[in-house]
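Participant: Got a predicted structure plus its sequence, pasted below:
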Amino acid sequence: MMRRVVIMGLVGRAAFCRSGMNSFRFMASDINASCIINTVKEGGMFDEASIRKAVQLFTGGLSDSSYGLCYTEDEVTNHVKGFLCAKAKSTMGDPFEYVHESDDCAFYICLKDHESQLRAVRRLSRFVSRVREANECISMRGYTTDDGTTSVYTAKWQPFVNPQPKLGETDIKQLASHVFLEQRSPELQNRYQELLTRFKGSVGPVFTLVDGKDGETCFSMAIAADRNYYLASLMAIIREIPGAVVLRSFSETFSNGVHIYTLYIDGATGTQLQDRVSMVCLLPNRPPNSITRLHEDLIFNVEQTVFTDAAIVFAFYFTPNPTSDDYHHLRALLLKEPNGVNRLNSLRTSLSLEMMSERYIGTLISLYPEYMIDIYEDFRRGS
């Protein structure tokens, strides 16, 4: 039977000391680490020392002790297996990463470098953007190991308390999932309630900044829960700040169509965050979009990205069809042909539309991003 995993305190300490696991940072819990170790050992794929280290990593070596409160023993076992598989793959020259996706849950394990995290978050984005028949909550949790080497992302679909709330509803007890109300602290629920209330009637995202422990800053943002997933964009925005590091990341959808993201950040001030995250709703957050990828890949910063997207949209509306001497010459030759000029104009318009398409222009800019950066600098300086 699946049991809620919460990290063990002093209860059973002697047993853990005998098994060499007394270095865990435990809280009151009924987790049975020995059971997890034995379950993984039964597969016969990994040695006991490696398994013990992996169990210790997940139950005592993550940057947030809430991990143990939110997963069943079976889920922790799967995370441990995934970590060990990623480690084994890396010894053979493959990337250190592991992906598991099912109908209602997924988890991703990777190195904590930008390229690896971005690859994992893009897969996570595709998972959470799936169309579901029922209106359900998607809950994402992202952790970092204490040694700063590994990231773990999980996502779960969960039923809402009220999947069809009345219009204008802002009460979190009506909008959240059952699991959210059971597991999240009253402090966090109050913070989310404030965001839900403020978001009603707002034309853009609303956010709050709270000082955390050890110099951390807790950033929470409420935005419309369309099929766009903004985690990769938010992480890129924060990476623009010199020395800023995302320690933990969480997101939650609510049945009134609101998505709340929470990131715990070290090395950034509230002012630095506020200046950048206010632009998140202006980003072209479409995964196939070349401009979005330039931002997520840290080639464009958030201001350059917003400017480039706006310039493309402006060009669609205000750029006239190109003219040339060749066109005038061809037009003169076709004047006597039935429908000749109409066909020439149609061909010219089709070619212009193809060259002015978002896909074509985005691809062109992605090949030569330095030119767009120079154009933005000219614009910024007013030259």
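Facilitator: Nice, thanks for sending it over.
Participant: can we go C-alpha only for contacts and neighbour counts from here?
Facilitator: Fine.
Participant: beta partners of the nearest residue to F107 once chain neighbours are set aside?
Facilitator: Excluding its sequence neighbours, the residue lying closest to F107 (C-alpha to C-alpha, 6 or more residues apart in numbering) is T154, at 4.1 Å. For T154, the beta-bridge partners under DSSP bridges are F107, R141.
Participant: T154 is in contact with R141, isn't it?
Facilitator: Yes - in this structure T154 lies within contact range of R141 using C-alpha atoms under 8 Å: 5.3 Å.
Participant: before we move on, back to that, mind checking how far the residue nearest to F107 is from L124?
Facilitator: 8 Å (C-alpha to C-alpha, to the nearest Å).
Participant: shared neighbours, those two?
Facilitator: Here T154 and L124 have A106, Y108 as joint contacts, going by C-alpha atoms under 8 Å, 6 or more residues apart in numbering.
Participant: Sketch out the strands for the protein, chain order is fine.
Facilitator: For the chain, strands defined by DSSP state E occupy the ranges 4-5, 71-72, 97-101, 105-111, 136-144, 150-159, 206-211, 217-224, 245-254, 258-266.
Participant: for the fifth one, packing partners?
Facilitator: Contacts of strand 136-144 with other secondary structure elements, assessed using 3 or more C-alpha pairs under 8 Å, 6 or more residues apart in numbering; DSSP states H and E, are made with strand 150-159, strand 245-254.
Participant: and the first one, what other elements does it pack with?
Facilitator: I take that to be strand 150-159. Partner elements for strand 150-159 (3+ C-alpha pairs under 8 Å, 6+ apart): strand 105-111, helix 114-128, strand 136-144, helix 178-183.
Participant: So which residues make contact with the first one?
Facilitator: Residues outside strand 105-111 that contact it (C-alpha under 8 Å, 6+ apart): 79, 82-83, 86, 96-101, 116-117, 120, 124, 127, 149-157.
Participant: quick one: low-confidence parts of the stretch 51-200 of the chain?
Facilitator: Residue ranges of the stretch 51-200 of the chain with pLDDT under 70: 63-65.
Participant: Ignore what I typed, I meant the stretch 201-350 of the chain.
Facilitator: Where the stretch 201-350 of the chain drops to pLDDT under 70, the residues are 227, 285-288, 320-327.
Participant: ranges for the helices of it?
Facilitator: Here the stretch 201-350 of the chain has its helices, by DSSP state H, counting those that start in this stretch, at 231-239, 270-277, 290-296, 302-318, 325-334, 340-355.
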